[in-house]
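S.K.: Turn this into a model:
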Amino acid sequence: MHSRQSLELRQQQQLALTPQLQQSIRFLQLSSHDLDLEVEQALQENPLLERGEEYDTDAQAAVASNTDEGRDDRWLMSSGNGGMRGADDDAERPESSVPVSLQDHLYEQLRLTRAGERDRVLVGLLIDELDDHGYLATSLEEIRLVLPAELAVEPEELSAALRLLQSFDPPGIGARSLSECLLLQLHAGGRYRDQDRDVLACARDIAQNHLSILATGNLNKLREILDVPMELVRAAHTLLLRLEPRPARNWSGVTADYVTPDVIVRKEKGRWVAALNPAIVPKVRINAVYEELLQQSSASAEMQAQLQLAQGLVKSVNQRFITIQKVAQAIVDQQTAYFEKGVSAMRPMVLRDIALQLGLHESTISRATRHKYAQTPWGVVELKQFFGSGLQTDDGEATSAAAVRELIAKLVSEEPPHKPLSDNKIAERLAEQGVVIARRTVAKYREAAGIEPAIMRKARALAAAG
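M.R.: A predicted model of the protein is given here:
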């Protein structure tokens, strides 16, 4: 068999991801803060770029003001409000608060102990292993096995380091289970000295051995197992409800974390309009003088490359905001009822709906809505939150999952404190409003909204009343 070779020409279309296109895609998915960092870095690396307002000064007026004769220079020595301040101005400004992390808080307590250097290192390892709730999720044996063999760390040393960590503030820190977390708080010296000894002993017994029964809310069964009066069980239950199941709760948030909206939605002439927030649009441009010189003379290849990079960056930044504004306006047009009435009126919408409307790809819509925020009459909302699956109602219309969560939250807020609505009851109330969903779906949306089960809500109401 003989092989034959031949030449032929074919025409085909293929999308090439040029560096310019890659930069545009990357800029679109960046948040406004990350984009500002990118632009700042480009300003430092490319001499052809400049801030829009950087050189927008009246040079002649500045020169004239500097050549005024007979001016009074005594203001240079003045410390009054009207004079120019010295280099120590910053000392008079209020200092911004520096957030202290849980790890920093624990390390500071470790520094104040009399522990030896080896013990400090072991406690530091345990501090670094704590999860967001303040629990030690990794077993001591696993931690010991990953340590270098030459250290020869004994299990007793790690246990002693853990006991030292668990003596720190906040109480319950370093626990390996919910039971241990509650017990650590009950054993905290002096915190519950005013409690009756029987109540404290009963609470410890429940925390150590009967949390699964307590979770069901069956206090009668718990009373039978403990063989104590119901009043004692209720008092111990109330004491346990006062404990913190997540010791790191107050340390898990980020302080002073503000979001600057990318889009501002307001009503103009009877129509809701999405406008870009000028505060987040980087004012970057190409230096006109340098650009003209490069176009008139035979500049080096390196400078021509810098010019192309500068032109590409300015184009990518502008294209990013054009796309965000178009997508935001399309979302506003689809979700007009939300802006009029609130979350309960939000309609189901998916990325494909906006993509078909604008003739863009779904991935582009995803990038344009991720980490992009809109200022609405109902607060600052991330654009991606306007997308959600739909649930069919009995009248043939559809409602969004976000609207159902809002309805559940409203029903719970209006329920009698001592007779909270179960998931079945909530499902029945929703059915009365035309939203037919299963009890399991109610439970899923209730948990997503951060609402406790009915039995926990009832227990807290009883504890507050008692």
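
S.K.: Report the buried residues of stretch 424-434.
M.R.: Neighbour counts over stretch 424-434 (16 or more other CB atoms under 10 Å) mark 425-427, 429-430 as buried. All C-beta atoms are positioned from the backbone trio N, CA, C, and that covers glycine.

S.K.: count of residues packed around Pro245?
M.R.: Around Pro245 there are 16 other residues, counting by other CB atoms under 10 Å.

S.K.: ok, it - contacts?
M.R.: By CB atoms under 8 Å, 6 or more residues apart in numbering, the residues touching Pro245 are 178, 181-182.

S.K.: just the residues you listed now: which is nearest Gly342?
M.R.: Leu178 (36.9 Å; CB to CB).

S.K.: any idea how far the residue nearest to that closest one when sequence neighbours are not counted lies from Arg457?
M.R.: Leaving aside its sequence neighbours, Leu178 sits nearest to Pro245 (CB to CB, 6 or more residues apart in numbering; 6.0 Å). Separation of Pro245 from Arg457 (CB to CB, to the nearest Å) stands at 16 Å.

S.K.: One more: Leu222?
M.R.: Taking CB to CB, one finds Leu222 at 19 Å from Arg457.

S.K.: number of nearby residues for the closest residue to Gln23 other than its chain neighbours?
M.R.: Closest residue to Gln23 apart from its sequence neighbours, by CB to CB, 6+ apart: Ser316 at 4.8 Å. Residues near Ser316, counting by other CB under 10 Å, number 20.

S.K.: what sits against Ser316?
M.R.: Applying CB under 8 Å, 6+ apart to Ser316 gives the contacts 20, 23-24, 27.

S.K.: I'd like to know how many residues surround Asp119.
M.R.: Residues lying near Asp119 (other CB under 10 Å) number 16.

S.K.: Check which helices and strands whichever strand or helix holds it sits against.
M.R.: Assigned by DSSP states H and E, Asp119 belongs to helix 117-128. Here helix 117-128 touches helix 102-111, helix 155-166, going by 3 or more CB pairs under 8 Å, 6 or more residues apart in numbering; DSSP states H and E.

S.K.: Need the residues that contact the helix or strand encompassing Trp272.
M.R.: Element membership for Trp272, per DSSP H and E: strand 271-276. By CB under 8 Å, 6+ apart, the list of residues contacting strand 271-276 from outside reads 262-267, 321, 324-325, 328-329, 331-333, 336, 339, 374.

S.K.: repeat that with 7 Å
M.R.: Strand 271-276 is contacted by residues 263-266, 321, 325, 328-329, 332, 336, 339, 374 when judged by CB atoms under 7 Å, 6 or more residues apart in numbering.

S.K.: what's the most distant pair in the residues you listed?
M.R.: Of all pairs drawn from those, the one with the longest distance (CB to CB) is Phe321 and Thr336, at 23.0 Å.

S.K.: Which one's more surrounded, these two?
M.R.: Taking neighbours as other CB under 10 Å, Phe321 and Thr336 compare with Phe321 leading, 20 against 13.

S.K.: Tell me the bridge partners for Ala374.
M.R.: Val263, Val381 (DSSP bridges).

S.K.: okay but it is in contact with Phe386, surely?
M.R.: No - in terms of CB atoms under 7 Å, Ala374 does not count as a neighbour of Phe386; the distance is 8.4 Å.

S.K.: Using ChimeraX, make a named selection holding only the buried ones among the contacts of strand 271-276.
M.R.: Buried residues within these, by 16+ other CB under 10 Å, are selected in ChimeraX with:
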select :263,264,265,321,325,328,329,332,339,374
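
S.K.: Which of the contacts of strand 271-276 sits closest to Leu407?
M.R.: Phe339 (18.5 Å).

S.K.: ok so the closest one is a helix residue?
M.R.: Yes - judged by DSSP: H, G, I helix; E, B strand; the rest coil, Phe339 forms part of a helix.

S.K.: That one touches Val265, doesn't it?
M.R.: Yes - the pair Phe339 / Val265 is scored as a contact, 6.4 Å apart, by CB under 7 Å.

S.K.: In the chain, where is pLDDT below threshold?
M.R.: Confidence mapping of the chain against pLDDT under 70 gives the ranges 1-3, 12-17, 53-99, 189-195, 252-257, 297, 299, 388-401, 462-466.

S.K.: report the longest helix in it, please.
M.R.: Secondary structure of the chain per DSSP state H: the longest helix is helix 301-334.

S.K.: tilt between that one and strand 271-276?
M.R.: If you take axes from the mean of the first three to the mean of the last three CA atoms, to 10 degrees, helix 301-334 sits at 160 degrees to strand 271-276.

S.K.: number of nearby residues for Pro155?
M.R.: 10.

S.K.: for Ser32, what are its contacts?
M.R.: 260, 262, 280 are the contacts of Ser32 under CB under 7 Å, 6+ apart.

S.K.: contacting residues for the spatially closest residue to the first one that is not a sequence neighbour?
M.R.: This means Thr260. Leaving aside its chain neighbours, Thr260 sits nearest to Ile280 (5.6 Å; criterion: CB to CB, 6+ apart). Residues near Ile280 by CB under 7 Å, 6+ apart: 32, 260, 262.

S.K.: would you list those residues in TSV and tack on distance to Leu411?
M.R.: Below are the contacts of Ile280 laid out as TSV (distance: CB to CB, whole Å):
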residue	distance to Leu411
Ser32	37
Thr260	34
Asp262	34
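
S.K.: ok, of those, which one's closest to Leu112?
M.R.: Proximity of the contacts of Ile280 to Leu112 (CB to CB) peaks at Thr260, which lies at 39.7 Å.

S.K.: Can you classify the closest one as helix, strand or coil?
M.R.: coil.

S.K.: now it: how far from Ser31?
M.R.: Taken as CB to CB, the span from Thr260 to Ser31 is 10 Å.

S.K.: again with Glu150
M.R.: According to CB to CB, Glu150 stands 45 Å off from Ser31.

S.K.: Neighbour count: the two, which is higher?
M.R.: Ser31 (16 against 6).

S.K.: hang on, that one packs against Tyr373?
M.R.: No - under the criterion of CB under 7 Å, Ser31 makes no contact with Tyr373, lying 8.9 Å away.

S.K.: Regarding the residue nearest to Leu178, what is its secondary structure?
M.R.: coil.

S.K.: residues contacting the closest residue to Ala115 other than its chain neighbours?
M.R.: Distance criterion CB to CB, 6+ apart; nearest residue to Ala115, sequence neighbours excluded, is Leu164 at 6.4 Å. Applying CB under 7 Å, 6+ apart, we find Leu164 in contact with 113, 115, 119, 123.

S.K.: mind checking the SS state of Gln11?
M.R.: coil.

S.K.: what about it, how many neighbours?
M.R.: Gln11 has 4 neighbouring residues, counting by other CB under 10 Å.
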